[in-house]
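Novice: What shape does this take:
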Amino acid sequence: MKLPILLAAVLLATPSLLLAQATPATPAPATPAGKPKPLASSDKTFVKNSLEGVYFLTQLAEKERGFERDNPVSDNLKKLARAMGGDGGKIWGEIATVATNHGETLPNQLKGSDKTKVAGLGKLKVDKFEKELAELAEKEAKSLLKVFESGAKSVQHAELKAIVEKWTATVKTFADDAAALAKSAGKK
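Specialist: A predicted model of the protein is given here:
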């Protein structure tokens with residue numbers, strides 16, 4: 001007697017199990033992708049100015065690598081260019097990540113006189129190239145250092161504050177190394 005009852009229960013449950021398997025699961029309602037909170041005005045200013053400065057330094061580093069292929073350059077210039085390209089790229093990446101997460105646009109080319117200055121480096125002879133690149137790097141790195149020092153006081157976004165704290169010393173090193181190189185290149 002127990003067997004027919006058990007068999008009846010299995011037969012009644014089977015269609016509901018088959019139906020449950022055939023019906024696709026209803027996905028959970030998608031949560032709307034919320035727009036990130038816009039950056040504060042001081043944060044936007046920091047992002048814009050720092051990215052432009054870092055971009056310029058990385059372009060100088062690229063110019064040195066291109067020039068170096070055909071011309072001898074000093075080890076100090078190679079070291080400076082590698083630092084500006086390597087650490088500069090890391091700085092760019094960190095700031096750009098925050099910026100894009102908040103809908104900010106990133107500079108993707110040099111503008112105006114910066115473009116002219118970098119293009120002009122390629123026309124210089126070896127003896128003038130190193131001094132000119134070092135002077136441009138020094139000027140830009142000092143300007144970028146001011147942006148970072150100002151950012152230490154004005155930036156509100158937590159990630160940007162961390163970036164300022166992490167990279168200010170590196171930017172100062174760029175400025176110091178470029179100044180020393182410009183000074184020594186002028187003595188040749």
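Novice: where are the low-confidence patches of the protein?
Specialist: 1-35, 186-188 (pLDDT under 70).
Novice: same thing but 80
Specialist: For the chain, the stretches with pLDDT under 80 are 1-36, 127, 186-188.
Novice: What is the helix or strand where Lys90 lies packed up against?
Specialist: Taking DSSP states H and E as the definition, Lys90 sits inside helix 75-101. Judged by 3 or more Cβ pairs under 8 Å, 6 or more residues apart in numbering; DSSP states H and E, helix 75-101 is in contact with helix 41-68, helix 126-154, helix 158-186. No exception for glycine: its C-beta is placed from N, CA and C like everyone else's.
Novice: I'd say Gly103 and Pro36 touch.
Specialist: Yes: at 6.8 Å, Gly103 counts as touching Pro36 under the criterion of Cβ atoms under 8 Å.
Novice: Mind putting the helices and strands packed on helix 75-101 into a markdown table with mean neighbour count and distance to Asp114?
Specialist: Output for those, formatted as a markdown table (neighbours: other Cβ atoms under 10 Å; distance: least, Cβ to Cβ, whole Å):
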| stretch | mean neighbour count | distance to Asp114 |
| --- | --- | --- |
| helix 41-68 | 20 | 6 |
| helix 126-154 | 19 | 8 |
| helix 158-186 | 18 | 16 |
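Novice: Make TSV out of these and add distance to Asp87.
Specialist: Output for the helices and strands packed on helix 75-101, formatted as TSV (distance: least, Cβ to Cβ, whole Å):
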stretch	distance to Asp87
helix 41-68	9
helix 126-154	11
helix 158-186	5
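Novice: Out of those helices, which is closest to Ser74?
Specialist: With Cβ to Cβ as the criterion, Ser74 lies closest to helix 126-154 of the helices and strands packed on helix 75-101, at 6.2 Å.
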